[in-house]
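1. Everything below, folded, please.
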Amino acid sequence: MQILLIRHGESEDDFLDENYDGTKDLPLTPTGRIQAEKMSKRVLKEFPTEFIWSSTLKRAIETTEVLSNTIGCPVKYLDNLREQQESESNLEFRLRGETVLSFIKENSKAYNRIAVITHGGMITKILESFVQLPYENNIWFNTNNTGIHCLDYLKDLQVIRFGNSTSHLD
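-> Coordinates of the predicted model:
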């Protein structure tokens, strides 16, 4: 199974102060909608997916709607794909990332390729889980707006095909 981890497009929360933690539920900007459209066209052409899992925050939902309408596949929304919450410790956030990745893998066995639309922090937690980093680490996996990471689960191997690809924005 192949998983595309995709960050939502530019949203109004991208312009809040430096200490903003991602918990506000703000929509995409006009630029974010254009980014989502470009990403969706690329996914349709290069990585057609059969199913989409999405965060329930507005910026992810809007990005997901563009992708789903472009490629014509079903969507399931999961609260556990949300960004880190104010009341949540780093350990709790990591555990949520592991739990949601396991849930998605288990419930996507019927598909060859799926997309997961979520947030930068959650993508980092999913990638930490995928590469089995220790819970306490100082690694951050950068993901730009509509950046795509491609993960493969092969028979006896897990492969990161690429990370934070934004060539669709060029």
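
2. Low-confidence ranges, this structure, go.
-> Applying pLDDT under 70 to the chain flags the ranges 13-23.

3. what comes up buried for the longest strand along the chain?
-> Longest strand in the chain, counting residues (DSSP state E): strand 158-165. The neighbour-count check on strand 158-165 (16 or more other Cβ atoms under 10 Å) flags 163, 165 as buried. Bear in mind the C-beta positions are built from the backbone N, C-alpha and C, glycine included.

4. ok, that strand: who's next to it in the sheet?
-> strand 148-153 (antiparallel) (DSSP bridges).

5. which other residues reach the partner strand?
-> The contact list for strand 148-153, computed with Cβ atoms under 8 Å, 6 or more residues apart in numbering, reads 1-6, 39, 42-43, 47, 105, 123, 127, 130, 141, 143, 158-166.

6. what does stretch 95-103 give?
-> Applying Cβ under 8 Å, 6+ apart, the contact partners of stretch 95-103 are 78, 80-81, 88, 122, 124-126, 128-130.

7. will you turn those into TSV that also has distance to residue 30 and secondary structure?
-> Listed next are these as TSV, based on distance: Cβ to Cβ, whole Å; DSSP: H, G, I helix; E, B strand; the rest coil:
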residue	distance to residue 30	secondary structure
78	27	coil
80	29	helix
81	24	helix
88	31	coil
122	24	helix
124	27	helix
125	29	helix
126	28	helix
128	33	helix
129	34	helix
130	33	helix
